[in-house]
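K.L.:
okay, here's the prediction I keep looking at, along with the sequence it came from:
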Amino acid sequence: MFIDHVRILAKAGDGGDGVVSWRREKFVPRGGPDGGDGGAGGDIILIVDPSTDNLRAYHYDPKLIAESGKNGAGGRKTGKSGKRVVGKVPPGTVVYRSNATHVQEAVELERSEQGVELEPIADLTEIGQEFVLCKGGEPGMGNWNFKTATNRTPVEHTLGTPGEQAIFYLELRRIADAGLVGFPNAGKSTLLGKLSHAKPKVAAYPFTTLQPVVGVVEFPGYRRCTIADIPGLIEGAHENRGLGHEFLRHITRCQMLLMVLDIAGSEGRDPISDLEILRKEIKEYDPELTKFPWKIIANKIDLPGAEENLAALQARFPKVDIFPISAENGLGFEDLLHMLNQDVSCRPQR
């Protein structure tokens with residue numbers, strides 16, 4: 001099961017209390033105060049883990065709860081600090097804080113207008129990056145801390161403070177250099193499988209791809225780029241039709257959008273109309289996405305009617321780069337790969 005968004009409850013540990021105690025030993029009848037401090041509450045930490053590719057673990061157990069610190073003891077003994085809890089998340093996880101007071105109220109982003117507000121507080125993209133989700137409570141101080149020259153028998157002590165607690169919303173946005181965007185059955189999965197080592201499911205029916213798949217394309221000189229196969233969109237995706245938001249969130253990470261069209265109109269669709277709808281859905285979802293560089297991949301160029309539709313497409317979008325290809329047999333891949341190498345690829349970091 002692929003889970004790319006989830007709400008969780010996080011509760012850091014409370015700080016332990018400081019105590020009031022007196023040193024009472026043989027031959028030391030007035031040993032003075034020796035109440036120890038409490039232990040610190042455990043933090044809740046999120047860490048970006050390269051071996052984690054989705055948020056499935058939090059779907060089954062949507063809570064992170066750290067230990068509280070122990071109370072202090074006599075003999076100036078400090079209480080044991082609570083263990084911190086580390087939650088692993090995949091690269092590209094965005095963290096939101098919710099104003100909800102119960103997990104059931106922390107609904108998805110689309111329902112924010114119903115009174116549940118989500119404030120972005122972290123964007124975790126780097127491997128090994130850590131983020132303190134909830135800070136553990138501060139420990140209380142024992143009465144020995146309050147001894148002074150004029151107050152030899154203090155009874156003052158402080159209690160530990162509560163650990164932070166909140167409802168959070170975690171959203172995964174897959175990180176890729178370029179995103180394949182198109183309608184179902186446009187050939188995105190076949191194209192990704194031919195360009196990279198990815199193994200997306202390919203079949204002759206819509207919505208074969210139900211989760212974003214990222215493939216790596218290798219070039220000479222140790223250069224490479226990553227390409228995401230975004231599940232097929234439908235008209236109205238920006239309104240979350242056909243699980244549109246489940247898919248559209250992943251293209252916000254891409255440097256370039258590659259619009260994949262069935263240029264032959266093999267399923268009775270008009271390629272130009274499809275492209276206009278795709279551009280509209282992207283704009284309605286996030287106007288900033290319209291500023292991303294984009295190019296057109298005219299797939300299925302080997303089928304009847306493709307050449308005529310390609311000419312019409314070139315006339316309609318004369319300033320946009322169009323790459324006529326056949327993902328099935330590799331026709332036209334040379335120009336497409338050259339463009340990806342020049343415009344998208346980079347040397348991998350060591």
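P.N.:
Yes, it's here. Worth saying up front: this structure is predicted, and the values here are computed from it rather than measured.
K.L.:
stretch 117-127: how far from the chain's middle?
P.N.:
Centroid separation for stretch 117-127 versus its chain: 8 Å, with Cα atoms, centre = their mean, to the nearest Å.
K.L.:
what residue ranges in this structure score low on pLDDT?
P.N.:
Where the chain drops to pLDDT under 70, the residues are 1-2, 101-116, 198-211, 232-247, 347-350.
K.L.:
where do the strands sit along it?
P.N.:
5-11, 44-48, 63-65, 85-89, 93-98, 118-124, 130-134, 165-172, 178-182, 213-219, 223-229, 256-262, 294-299, 322-324 (DSSP state E).
K.L.:
so of those, which one's packed in deepest?
P.N.:
Neighbour counts (mean count of other Cβ atoms under 10 Å) averaged over each of the strands of the chain peak at strand 178-182, with a mean of 28. Heads up, the C-betas are built off the backbone N, CA and C, glycines and all.
K.L.:
what is the orientation angle of that one with strand 256-262?
P.N.:
30 degrees (axes from the mean of the first three to the mean of the last three Cα atoms, to 10 degrees).
K.L.:
helices or strands up against strand 178-182?
P.N.:
helix 188-195, strand 223-229, strand 256-262, helix 271-285 (3 or more Cβ pairs under 8 Å, 6 or more residues apart in numbering; DSSP states H and E).
K.L.:
which among the ones you listed is found nearest to Pro162?
P.N.:
helix 271-285 (39.4 Å; Cβ to Cβ).
K.L.:
mind listing what's buried along the closest one?
P.N.:
Using 16 or more other Cβ atoms under 10 Å as the burial criterion, the residues of helix 271-285 that qualify are 271-272, 274-275, 277-279, 281-282, 284-285.
K.L.:
dump the residues you listed to a markdown table, plus distance to Ala186.
P.N.:
A markdown table is the format used below for the buried residues of helix 271-285 (distance: Cβ to Cβ, whole Å):
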| residue | distance to Ala186 |
| --- | --- |
| Pro271 | 9 |
| Ile272 | 14 |
| Asp274 | 8 |
| Leu275 | 11 |
| Ile277 | 12 |
| Leu278 | 10 |
| Arg279 | 15 |
| Glu281 | 14 |
| Ile282 | 15 |
| Glu284 | 20 |
| Tyr285 | 18 |
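K.L.:
domains for this structure, by residue range?
P.N.:
Per the record, the chain has its domains at 5-172, 178-343, by automatic domain parsing.
K.L.:
show me what contacts the residue nearest the centre of the chain?
P.N.:
Taking Cα atoms, centre = their mean, the centroid of the chain lies closest to Thr93, which sits 1.9 Å from it. Thr93 is in contact with 46, 48, 55, 123-124, 170-173, counting by Cβ atoms under 8 Å, 6 or more residues apart in numbering.
K.L.:
fine by me, we can end here.
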